[in-house]
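Novice: Could you look at this predicted model? Sequence included:
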Amino acid sequence: MSLVRFLARPMLASSFVLAGLDKLRNADDTATQLSPLLRRAADSLPFATNEKVLARVIGGTQVGAGVLFALGKSARLAASVLAVISVLNAYVEWRSADITSKEARDARRTQLLKNVTLTGGVLLASVDTAGKPSLAWRAEHLAADARKGASHLTSDVRKTTGKQLKKADKAVRKAVDHAVKA
């Protein structure tokens, strides 16, 4: 892992880990803030649950993904989860922010910009392959190599089959000539 990744991942993850811990500590407040979204989620789940439990799940997921990202373990998956959570946070905070005064509207805009910035950072991290080819690239090149190998194999089979057919044709003609003479 490069020095930049070693330093940047924990720095970026720290905001998510702290926010997730805050969500866990204040599950009631989180459930109230997320109420419209959590109600929809609870209705779509096949089992009964309440908003407070879902708020804790979101907080725990945020902490877990943040820690994994900071440690560089499944970093791309963790960054993808954090991107989704960041978009959720941006929406909820934008929707529930106080806009009664100019200062409150400025704070709302600042909070939105922070969330957009964090989302951008974890989106970049979600596609960072750390200098190694991505799975898609590897699969594409594996398929290309397989096509080349199959092409060579097909060519060899054609040559071999053609030679065998010529030999068989000669043998049949020879047998037919021999039969006609006899």
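Specialist: Alright, I've got the coordinates. As the structure is a prediction and not an experimental result, all values here were calculated from the model.
Novice: and residue 171, how many neighbours?
Specialist: 10 (other C-beta atoms under 10 Å). (Each C-beta comes from the backbone N, C-alpha and C, glycine too.)
Novice: Please apply the same query to the one 10 residues further on.
Specialist: Neighbours of residue 181 under the rule other C-beta under 10 Å: 6.
Novice: And for residue 118?
Specialist: By other C-beta under 10 Å, neighbour count at residue 118 equals 21.
Novice: In contact with it, which residues are there?
Specialist: Residues counted as contacts of residue 118 (C-beta atoms under 8 Å, 6 or more residues apart in numbering) are 12, 15, 16, 82, 86.
Novice: how about CSV for these, with neighbour count and secondary structure added?
Specialist: Formatted as CSV, these follow (neighbours: other C-beta atoms under 10 Å; DSSP: H, G, I helix; E, B strand; the rest coil):
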residue, neighbour count, secondary structure
12, 19, helix
15, 19, helix
16, 27, helix
82, 30, helix
86, 25, helix
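Novice: with those in mind, which one is nearest to residue 170?
Specialist: Closest approach to residue 170 among the contacts of residue 118 (C-beta to C-beta): residue 82, at 71.8 Å.
Novice: The lowest-mean-pLDDT helix or strand in the chain packs against which elements?
Specialist: Least confident helix or strand, the chain: helix 35-44 with a mean of 74, by mean pLDDT, DSSP states H and E. Applying 3 or more C-beta pairs under 8 Å, 6 or more residues apart in numbering; DSSP states H and E, we find helix 35-44 packed against helix 51-71, helix 75-96.
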